[in-house]
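> Just to be clear, the model below is a prediction. Sequence and coordinates:
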Protein chains: 2
Amino acid sequence: MWYHATQKTKLAEPVTVLDDRMEECVVLFCCVEKLDEKNPDKVVASAKQNILQRLEKLRVRKVLIYPYAHLTSTLGSPEVAFLILKGLEEVLQKENIDVKRAPFGWYKEFEIRGKGHPLADLSMTICPYEGTECDFTCPYCHHPFKEADAVHACQQAPDCPGICSGKQVTIGERR
Amino acid sequence: MWYHATQKTKLAEPVTVLDDRMEECVVLFCCVEKLDEKNPDKVVASAKQNILQRLEKLRVRKVLIYPYAHLTSTLGSPEVAFLILKGLEEVLQKENIDVKRAPFGWYKEFEIRGKGHPLADLSMTICPYEGTECDFTCPYCHHPFKEADAVHACQQAPDCPGICSGKQVTIGERR
């Protein structure tokens, strides 16, 4: 994986290194979601645990954390997102993983080569709930959630354009 | 974008071309979700419309459809998924778009280079509902859905492992 930070968004963290690369590693395309704001410490701890298990399976000790806001339509606040990604970097370093983190809030040119073996690609969702609070599961994303957190009423009706505009979020456009 | 189909899954479509590439194009990482089974024709038509709008904005007429099951935790049946992806290929070809489609149901090694400008990355969710039927929105993925389609009760409770196992689906593992 190689990247080059091309352009700042309004949320850009200050960085001096604009280019970096890592080879024979796991690239973690990460985004922080709105519900993660409820329990950032739990999210970091659980992410760490699940990532370590996966790294062990792959026998890899090198990780590139790559912020990728397009994986959700309900982005968390930039402040919490940055804290969680930095927190993840720190807890993985403490486990003697070789960790790099691509800059937050930048547009990035990148090049990646995926290996194509059966364990090469995986997606993971880290649950911010403690586990006993949720009473529904979304028919789309399968996330467990609390009924009280579900937003009532379809914002697309009565003239749904057939696309969920919430998903059309780019880093630069979101508020 | 370049790919090489390395290994079949049980769902693999028969193909003779195992390697291909496309340059200066839009790569559509696609997956078909369970709810899309309700209305495959509507999904194809709406995807076409939304993709054409985006291509016009980018002034690009080249598209690589790349099946990528990891984008959802609620995969649709392989039969419907294959029909929708082939349908999308056909309708885009009819619009004189230069279309390639990577094989369905194969593990693939790939290499991609993303340009890093503000319009370079986008995610889109195509809604299978006609627009007036949905009454809730998922707090995670923001999808509108019908209350009757929501699955009641958290399968992780009372001892949630902190990760939604539904998301840990790889092409090879799903049934």
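Okay, I see it. Since this is a predicted model, take the numbers as computed values, not measurements. Residues are numbered from 1 along each chain as shown, chains lettered A, B, ... in the order given.
> Please point out which parts of stretch A:93-113 sit buried.
Going by neighbour count (16 or more other C-beta atoms under 10 Å in any protein chain shown), the buried part of stretch A:93-113 is A:97, A:99-110, A:112. Backbone N, C-alpha and C define where each C-beta goes, glycine included.
> biggest strand in chain A by residues?
Using DSSP state E, we find that the single longest strand of chain A is strand A:106-114.
> quick check: angle from that one to strand B:106-114?
Here strand A:106-114 runs at an angle of 150 degrees relative to strand B:106-114 (axes from the mean of the first three to the mean of the last three C-alpha atoms, to 10 degrees).
> Is strand A:106-114 in proximity to chain B?
Yes. Interface with chain B: strand A:106-114 contributes A:Y107, A:K108, A:E109, A:F110, A:E111, A:I112, A:R113, A:G114 (C-beta under 8 Å from any C-beta of the partner chain).
> so what secondary structure elements neighbour that strand?
strand A:2-8, strand B:106-114 (3 or more C-beta pairs under 8 Å, 6 or more residues apart in numbering or on different chains; DSSP states H and E).
> Please state the offset of it from the chain centre?
With C-alpha atoms, centre = their mean, to the nearest Å as the basis, strand A:106-114 stands 15 Å off its chain's centre.
> Touching it from outside, list them.
With C-beta atoms under 8 Å, 6 or more residues apart in numbering or on different chains as the test, strand A:106-114 has contacts from A:1-9, A:12-13, A:15, A:27, A:66, A:102, A:120-121, A:171-172, B:108-118, B:120.
> try stretch A:19-35
Under the contact criterion C-beta under 8 Å, 6+ apart, stretch A:19-35 has outside partners A:1-5, A:43, A:51, A:54-55, A:58, A:60, A:62-72, A:74-76, A:80-81, A:84-85, A:88, A:98, A:100, A:102, A:112, A:128-129, A:145, A:149, B:139-140.
> lowest average confidence, helix or strand, in chain A?
strand A:151-152 (a mean of 55; mean pLDDT, DSSP states H and E).
> who does the helix ranked longest in chain A touch, helix- and strand-wise?
Using DSSP state H to define each element, chain A has its longest helix at helix A:40-58. Helices and strands touching helix A:40-58, by 3+ C-beta pairs under 8 Å, 6+ apart, are strand A:26-30, helix A:78-94.
> Just the buried ones among the contacts of strand A:106-114, please.
With burial judged by 16+ other C-beta under 10 Å, the buried subset of these is A:1-6, A:9, A:12, A:27, A:66, A:102, A:120-121, A:171, B:108-110, B:112, B:114, B:116, B:120.
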